[in-house]
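Novice: fold the following for me, if possible:
(4 chains)
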Protein chains: 2
Amino acid sequence: MGRATRKIEILHAASKIVSERGIFNLTLEATAIEAGVSKGGLLYHFPSKEALVKGMVDHLAENYRDKIAASVAESSKEKGKWIKSYADVTFNNPYPNKEMHAGLLAAKAVNSDLLDPIRNLYNEWQTEIEQDGIDPVKATIIRLATDGIWLSELFDIHHLSEERKEEVYSKLKSWIDE
Amino acid sequence: MGRATRKIEILHAASKIVSERGIFNLTLEATAIEAGVSKGGLLYHFPSKEALVKGMVDHLAENYRDKIAASVAESSKEKGKWIKSYADVTFNNPYPNKEMHAGLLAAKAVNSDLLDPIRNLYNEWQTEIEQDGIDPVKATIIRLATDGIWLSELFDIHHLSEERKEEVYSKLKSWIDE
DNA sequence: GAAAAAAAACCGTCCAGGTAGTATAGTGAA
DNA sequence: TTCACTATACTACCTGGACGGTTTTTTTTC
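Specialist: Okay, the predicted model is just below:
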């Protein structure tokens, strides 16, 4: 195992526990076991539980930022690059979203301040989205609708049928180009 | 204090703790103190922590259902009653939303199955919204956008300016009537 | 390039503090 | 008499974090 890898394995283990067993089962020992590391080893990398959760959030914020940035860079659009990328990445990536959910829930439970990197992300994106060549109100609505899908996945509240989801996705995309 | 009142006071106290101090501080003792009840008294009404959280969710689901139903009943619209009511209630009621946030987070942390009443609510609403006389895809997008506002409030992720929020709200409403 | 030293990456146990839930004895009101 | 509590004590358990090692890797020295 490479150097940086171990820390990230631990973060994945922590996310997995939150996703599958809930926040109350995110204990240092459980995380250590899930990651195949001793408790002491875990505490070497993350000297406290808060540090562990901070690690989760920082890591996923970085990932998410990269993903969106890559999508923007790839885009050949003139208008609506950012909102298009935001919608694409969020609609079509169930897996990283799971880690996102785990990170958010953990941070909210442990210490809301840990969410700051996410807040920064959203502030950046909202700025870009509003200056992206399309009506900012419409762009904001597209973002909000995308976030709405997210909310229902986070709590497993209401799953739209794949078909309806696709229709929603298409309609939102059509608004970007009209 | 009347009979039913005490239970509800306890539920409010629990929500308050979750909102202000986070899930990890929702202990039986803290809830009892916040509600001005002894621990024994609390356990008389809710024999376990899970029962307490179940109480929170059930109570808020009932409340939310009533609120939406009342708004629908009041409405003189022919088309889009449900989506209009859903958007109105959710946009304009910061306070019950706080209880909703607390209940959802607590249930998600303690036992996801406790969210079932909320799932039922959303299933009902989605059915009504899709049969409410306006394009179901558009109606769904309005619901999702409303939920998006919700998500950002839940995590304090990104607060739209009041102005932009108002513009979004107006545009969503205009879509209902067009 | 081998040995020695130092730093990094761990291991595993212990403990103080906190928590859910039980138990129990009693109180006042309807 | 029952309901809706109060007040307190107690248990059994779990958890974060401290701590003192040990092993592995890297760097330095000869």
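
Novice: for chain A, which residues score under the pLDDT cut-off?
Specialist: Within chain A, the segments meeting pLDDT under 70 span A:1-4.

Novice: try it again with 50
Specialist: Within chain A, the stretches with pLDDT under 50 are A:1-3.

Novice: just the helices from it, written as ranges.
Specialist: Under the criterion DSSP state H, helices of chain A are mapped to A:3-21, A:28-35, A:39-45, A:49-74, A:81-92, A:94-110, A:116-130, A:136-154, A:162-177.

Novice: ok, which of these comes nearest B:S48?
Specialist: With Cβ to Cβ as the measure, helix A:3-21 is the member of these nearest B:S48 (18.8 Å). Quick note: C-beta positions are derived from backbone N, CA and C, even for glycine.

Novice: re earlier: got the helices of chain A as TSV, with mean neighbour count and distance to B:L52 columns?
Specialist: As requested, the helices of chain A are exported to TSV (neighbours: other Cβ atoms under 10 Å in any protein chain shown; distance: least, Cβ to Cβ, whole Å):
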stretch	mean neighbour count	distance to B:L52
helix A:3-21	17	20
helix A:28-35	18	24
helix A:39-45	15	31
helix A:49-74	17	24
helix A:81-92	21	34
helix A:94-110	20	17
helix A:116-130	17	30
helix A:136-154	22	22
helix A:162-177	15	35
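
Novice: Throw these into a markdown table and include distance to DNA strand C, thanks.
Specialist: Output for the helices of chain A, formatted as a markdown table (distance: least, Cβ to the nearest atom of the strand, whole Å):
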| stretch | distance to DNA strand C |
| --- | --- |
| helix A:3-21 | 4 |
| helix A:28-35 | 7 |
| helix A:39-45 | 2 |
| helix A:49-74 | 13 |
| helix A:81-92 | 31 |
| helix A:94-110 | 13 |
| helix A:116-130 | 23 |
| helix A:136-154 | 24 |
| helix A:162-177 | 38 |
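
Novice: export the ones you listed as a markdown table, with columns for distance to B:W125.
Specialist: Formatted as a markdown table, the helices of chain A follow (distance: least, Cβ to Cβ, whole Å):
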| stretch | distance to B:W125 |
| --- | --- |
| helix A:3-21 | 26 |
| helix A:28-35 | 37 |
| helix A:39-45 | 43 |
| helix A:49-74 | 30 |
| helix A:81-92 | 22 |
| helix A:94-110 | 22 |
| helix A:116-130 | 27 |
| helix A:136-154 | 12 |
| helix A:162-177 | 14 |
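
Novice: wait, which of those helices is closest to B:R21?
Specialist: Closest approach to B:R21 among the helices of chain A is made by helix A:94-110 (10.8 Å; Cβ to Cβ).

Novice: and the angle from the closest one to helix B:94-110?
Specialist: On the basis of axes from the mean of the first three to the mean of the last three Cα atoms, to 10 degrees, helix A:94-110 is oriented at 110 degrees to helix B:94-110.

Novice: next one: helix A:94-110 to chain centre, how far?
Specialist: Taking Cα atoms, centre = their mean, to the nearest Å, one finds helix A:94-110 lying 7 Å from the centre of the chain it belongs to.
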